[in-house]
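Q: Sequence isn't available, so here's the structure alone:
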Ligand code: GAL
């Protein structure tokens, strides 16, 4: 393994530019890993990179921008607002993309705000026929009238998909089952951890159990991560248990990537190390999830890592 990446350091794409894919997500399709995330520079909202080895990232394009085609499928269709003469951007946060095999669409869900405050607390949808093309924006809405802030998407083994979002001013974490086309919420399956203020949800499955990591709400400042488990997404979720250290190694969960290789299956925690006031200084943390003798997940910090996608091994030092 000749390449190592350092957690929290500057990472560059194959053109030598800093990687901006914050609050992101990954999709493995057609031999490539696609990394989507926030890119707040200029007119951009969501960027997309791809890689065959999870170590070298090729910038593909800004798949959602203030100039993207917008179709009013949902309540609000504005992707850039006009403030007197000045164009003002909205906020698109934590974009997640999954593939719908039935309608052959790549479907993105994200958190939408009007760019002035965090009161919209809506979810936004965009779709594309290819993983890294220009996504068409379908607008934003509040699922069943509820707020939806920090969010994630999870596609289960039977292709049922779920949208999980912090609701009621972040007090509760709602789990919605999506319609078959992934274009709307079908029903609310949970209102988890009432009044516990959990955000930044990220889900993975290991040995028939589902795990959800999340954080407390302290804005850009990191805090103690926690996790819960369940035998199915719609089943009973456990209470929350601490994971990692008291700042989750100065990171907040973005998503998990499960890598199944010839020698190992690795669940990789991908967290944002936010730049805080200097948003563009935000960086990434990749860590392997280990399991202790009771089968409980453990998250340890390692300065550097290297990934072998063939064997599924996640090496650390
Ligand atoms: C964090 C949240 C981020 C962003 C930020 C804004 O709590 O996880 O996604 O919304 O607040 O202050």
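A: Perfect, I can see it now. Everything numeric here is computed off the predicted structure, so don't read it as measured data. Numbering: from 1, shown residues only.
Q: Point to the helix or strand of the chain where mean pLDDT is at its lowest.
A: Within the chain, no helix or strand scores below strand 80-83, which has a mean of 67 by mean pLDDT, DSSP states H and E.
Q: by contact count, what packs against the next helix or strand after that strand?
A: Scanning forward in sequence from strand 80-83 by DSSP states H and E, the next helix or strand is strand 86-89. Counting contacts by 3 or more C-beta pairs under 8 Å, 6 or more residues apart in numbering; DSSP states H and E, strand 86-89 packs against strand 80-83. Using the backbone N, CA and C atoms, a C-beta is placed for each residue, glycine as well.
Q: Residue 222 sits in which helix or strand?
A: Counting by DSSP H and E, there is no helix or strand that carries residue 222.
Q: how about the residues of the stretch 201-317 of the chain that lie near the ligand?
A: Residues of the stretch 201-317 of the chain lying near the ligand by C-beta under 6 Å from any ligand atom: 217, 219-220, 252.
Q: Which of the residues you listed are buried? Put it as a ChimeraX command.
A: Filtering those down to the buried ones (16 or more other C-beta atoms under 10 Å) takes a single ChimeraX command:
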select :217,252
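Q: what two of the residues of the stretch 201-317 of the chain next to the ligand are the furthest from one another?
A: Spatial extent of these (C-beta to C-beta) is set by the pair 217 and 220 at 11.0 Å.
Q: does residue 144 count as helix, strand or coil?
A: Here residue 144 takes the helix state, with states given by DSSP: H, G, I helix; E, B strand; the rest coil.
Q: ok, which stretches of the stretch 101-250 of the chain are strands?
A: Along the stretch 101-250 of the chain, counting by DSSP state E, counting those that start in this stretch, strands occupy 105-113, 122-128, 136-141, 151-155, 161-167, 172-178, 185-192, 198-206, 209-216, 225-230, 241-243.
Q: could I get these as JSON lines with mean neighbour count and mean pLDDT?
A: JSON lines is the format used below for the strands of the stretch 101-250 of the chain (neighbours: other C-beta atoms under 10 Å; pLDDT from 0 to 100):
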{"stretch": "strand 105-113", "mean neighbour count": "25", "mean pLDDT": "98"}
{"stretch": "strand 122-128", "mean neighbour count": "24", "mean pLDDT": "98"}
{"stretch": "strand 136-141", "mean neighbour count": "22", "mean pLDDT": "96"}
{"stretch": "strand 151-155", "mean neighbour count": "24", "mean pLDDT": "98"}
{"stretch": "strand 161-167", "mean neighbour count": "25", "mean pLDDT": "99"}
{"stretch": "strand 172-178", "mean neighbour count": "23", "mean pLDDT": "98"}
{"stretch": "strand 185-192", "mean neighbour count": "16", "mean pLDDT": "98"}
{"stretch": "strand 198-206", "mean neighbour count": "22", "mean pLDDT": "98"}
{"stretch": "strand 209-216", "mean neighbour count": "23", "mean pLDDT": "98"}
{"stretch": "strand 225-230", "mean neighbour count": "21", "mean pLDDT": "98"}
{"stretch": "strand 241-243", "mean neighbour count": "15", "mean pLDDT": "98"}
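Q: out of the ones you listed, nearest to residue 65?
A: Counting by C-beta to C-beta, residue 65 lies closest to strand 136-141 out of these; the figure is 9.5 Å.
Q: outside of that closest one, which residues touch it?
A: Residues outside strand 136-141 that contact it (C-beta atoms under 8 Å, 6 or more residues apart in numbering): 64, 68-77, 79, 112, 120, 122-128, 183.
Q: let's see it at 10 Å
A: With C-beta atoms under 10 Å, 6 or more residues apart in numbering as the test, strand 136-141 has contacts from 45, 64-66, 68-79, 90, 92, 105, 107-108, 110-114, 120-129, 148, 183-185.
Q: Model confidence at residue 159, what's the number?
A: At residue 159, the model reports a pLDDT of 98.
Q: List phi and psi for the residue in the chain positioned nearest to the ligand.
A: Evaluated by C-beta to the nearest ligand atom, the chain has residue 219 as its residue closest to the ligand, separated by 4.2 Å. Per-residue torsions, residue 219: phi 60, psi -130 (degrees, to the nearest 10).
Q: Tell me which residues touch residue 303, please.
A: Going by C-beta under 10 Å, 6+ apart, the list of residues near residue 303 reads 4, 6-9, 316-317.
Q: Same check on residue 242?
A: The neighbourhood of residue 242, defined by C-beta under 10 Å, 6+ apart, consists of 224-227, 248, 299.
Q: Repeat that for residue 29.
A: Neighbour list for residue 29: 50, 97, 99, 106, 130-132 [criterion: C-beta under 10 Å, 6+ apart].
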